[in-house]
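>>> attaching a predicted model along with its sequence, questions to come.
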Amino acid sequence: MESITLYNEQPATATSVPNIFIDEYMTQANGEYVKIYLYLLRSINETDRRFSLSKIADHFDCTERDILRALKYWEKLHLFRLEYDDNHHLSGICFLMDAWCTDPQPSDKQPTDSANRFIRAASGSGSSCTRDTLKQFCEKEDIRELVFITEQYLGRTLNQTDLSTIFFWYDELGLSAELIEFLIENSVAKGHKSLHYMQKIAEDYAAREIHTAEEARQLADQSSAVYYAVMKAFGIRGRNLIPSETNYLNAWSGKMGFSTDLIAEACSRTIETIHEPSFGYANSILDKWHKQGIHSMDEVKKADEAHQQAQRAKRAGSRPAAASNRFINFKQRDNNYDEIQNILVQNSMQ
């Protein structure tokens, strides 16, 4: 009997997303990671399945590093298997549908058994490299202690998805167990028990090359100082800053490397100029200073003086020459005033 090929001329108009992904995996993942996963899930139904990191990065307007980080995150959770060529370049992305048959909900065992459960789960899933790596991770003494402490902070038993996320911080982002413990402790102290919230902080630590809890503590202190300095300079009361506003703060103190004083100065100048708080306007000031290499108040003062001198020179250079000499620009007369005075005296004596 001849084989029959069944196909559809029209591309798929809908994408099926398993409920377990929405209920369990999506809730704790970075929003960008979720978008990339859904994009690939949709694309697997397309006729042309050829991809490249650059193509996906262009689609999401981000870097190839961001895309690869998302892929590795899902690989750690056993939703993807990444395949590489002989030159260690990414050559394939395989969806592991068996993951949908695994219930990541926590069991009824005691919190101290979480690492043991994860070891058993790792022993039956993923590639041999991933299986061995996960098992070794959970067998570490400091990781066992970290799991126990994390469960105490969160007030619940960690499930496999939680442990995979922590493993991602440790293995892919390079955070130590001590630093992860500080991250969780500090987040819970601020009222945030979501691993999705902590994921963003973990990525920020990695981007800033924070390696120790002490460095993270100093960053937290600095961030708090900047936070309240900006609130005061802008006169913001009765509310907290929203994420888009704190993103500016992170860029100013992190990427641009400005001190709290300079950030507050930019905010004050914003109020003086446009009479209302504007993070975008303050960012334009700080961005200009950053491009000019200005990173101290003394340099700001020198830049202000140079600007004022340039403005004065510009005004002086634009003044019309005739206008500046209007009181002396007339035809000189050759009158002899002494002779005129003598004539006047003689006339008065006659």
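Arrived safely, thanks for sending. These numbers were taken from a predicted model, which means no experiment stands behind them. Numbering: from 1, shown residues only.

>>> what sits closest to residue 81 if chain neighbours are left out?
In space, and not counting its chain neighbours, residue 81 is closest to residue 94: 4.2 Å by Cβ to Cβ, 6 or more residues apart in numbering. Any C-beta I mention is one placed from the backbone N, CA and C, and that applies to glycine too.

>>> measure that neighbour to residue 67 for me?
16 Å (Cβ to Cβ, to the nearest Å).

>>> just want to know which of these two has more residues nearby.
For residue 94 versus residue 67, neighbours defined as other Cβ atoms under 10 Å are more numerous around residue 67 (26 against 10).

>>> ok now do the more buried one, which residues does it touch?
36, 53, 56-57, 60 (Cβ atoms under 8 Å, 6 or more residues apart in numbering).

>>> work out for me the element it sits within.
In the assignment (DSSP states H and E), residue 67 maps to helix 64-76.

>>> state the mean pLDDT of the helix or strand following that helix.
Moving toward the C-terminus from helix 64-76, the next helix or strand (DSSP H and E) is strand 80-84. In this model, strand 80-84 carries a mean pLDDT of 82.

>>> elements contacting strand 80-84?
helix 64-76, strand 90-95 (3 or more Cβ pairs under 8 Å, 6 or more residues apart in numbering; DSSP states H and E).

>>> which one of those lies nearest to residue 272?
helix 64-76 (37.8 Å; Cβ to Cβ).

>>> if I read this right, the residue nearest to residue 81 contacts residue 79, doesn't it?
No. With contact defined as Cβ atoms under 8 Å, residue 94 does not reach residue 79; the gap is 10.0 Å.

>>> count the neighbours of residue 155 for me.
The number of residues near residue 155, taken as other Cβ under 10 Å, comes to 9.

>>> which ones are touching it?
Counted by Cβ under 8 Å, 6+ apart, residue 155 has contacts residue 193.

>>> ramachandran angles for it?
phi 70, psi 30 (degrees, to the nearest 10).

>>> and it, how far is that from residue 64?
On the measure of Cβ to Cβ, residue 155 and residue 64 end up 39 Å apart.

>>> ok so, going back, save the helices and strands packed on strand 80-84 as CSV, and put in distance to residue 176 and mean pLDDT too.
Output for the helices and strands packed on strand 80-84, formatted as CSV (distance: least, Cβ to Cβ, whole Å; pLDDT from 0 to 100):
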stretch, distance to residue 176, mean pLDDT
helix 64-76, 17, 85
strand 90-95, 27, 82
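
>>> out of these, which is closest to residue 25?
helix 64-76 (8.3 Å).

>>> identify each buried residue in that closest one, please.
By neighbour count on 16 or more other Cβ atoms under 10 Å, the buried set for helix 64-76 is 66-76.

>>> and for stretch 30-49?
Using 16+ other Cβ under 10 Å as the test for burial, stretch 30-49 gives 30, 32-34, 36-37, 39-41, 43.

>>> circling back: let's have the contacts of residue 67 in JSON lines, adding secondary structure, distance to residue 276 and pLDDT.
What follows is these, written out as JSON lines (DSSP: H, G, I helix; E, B strand; the rest coil; distance: Cβ to Cβ, whole Å; pLDDT from 0 to 100):
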{"residue": "36", "secondary structure": "helix", "distance to residue 276": "37", "pLDDT": "89"}
{"residue": "53", "secondary structure": "helix", "distance to residue 276": "42", "pLDDT": "83"}
{"residue": "56", "secondary structure": "helix", "distance to residue 276": "40", "pLDDT": "86"}
{"residue": "57", "secondary structure": "helix", "distance to residue 276": "37", "pLDDT": "85"}
{"residue": "60", "secondary structure": "helix", "distance to residue 276": "33", "pLDDT": "86"}
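
>>> which of the residues you listed count as buried?
36, 53, 56-57.

>>> okay, the residues you listed in CSV with distance to residue 297 next?
Putting these into CSV (distance: Cβ to Cβ, whole Å) gives the following:
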residue, distance to residue 297
36, 43
53, 43
56, 44
57, 39
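
>>> give me the nearest residue to residue 250, chain neighbours excluded.
Per Cβ to Cβ, 6+ apart, closest to residue 250 is residue 204, 6.8 Å.

>>> scratch that, residue 278 is what I was asking about
residue 270 (5.6 Å).

>>> okay, the residue nearest to residue 250 and residue 245: tell me how far apart.
Residue 204 is 16 Å from residue 245, by Cβ to Cβ.

>>> repeat for residue 36
26 Å.

>>> so which residues make contact with the helix or strand harbouring residue 304?
For residue 304, the host element (DSSP H and E) is helix 297-317. The contact list for helix 297-317 (Cβ under 8 Å, 6+ apart) reads 261-262, 265, 289, 292-294.

>>> check contacts around residue 62.
Residue 62 neighbours (Cβ under 8 Å, 6+ apart): residue 32.

>>> now it: how far from residue 254?
18 Å.

>>> now do the same for residue 334: its pLDDT.
For residue 334, pLDDT reads 54.

>>> low-confidence regions, the stretch 1-150 of the chain specifically.
Low-confidence segments of the stretch 1-150 of the chain, defined by pLDDT under 70: 1-12, 45-50, 97-135, 138.
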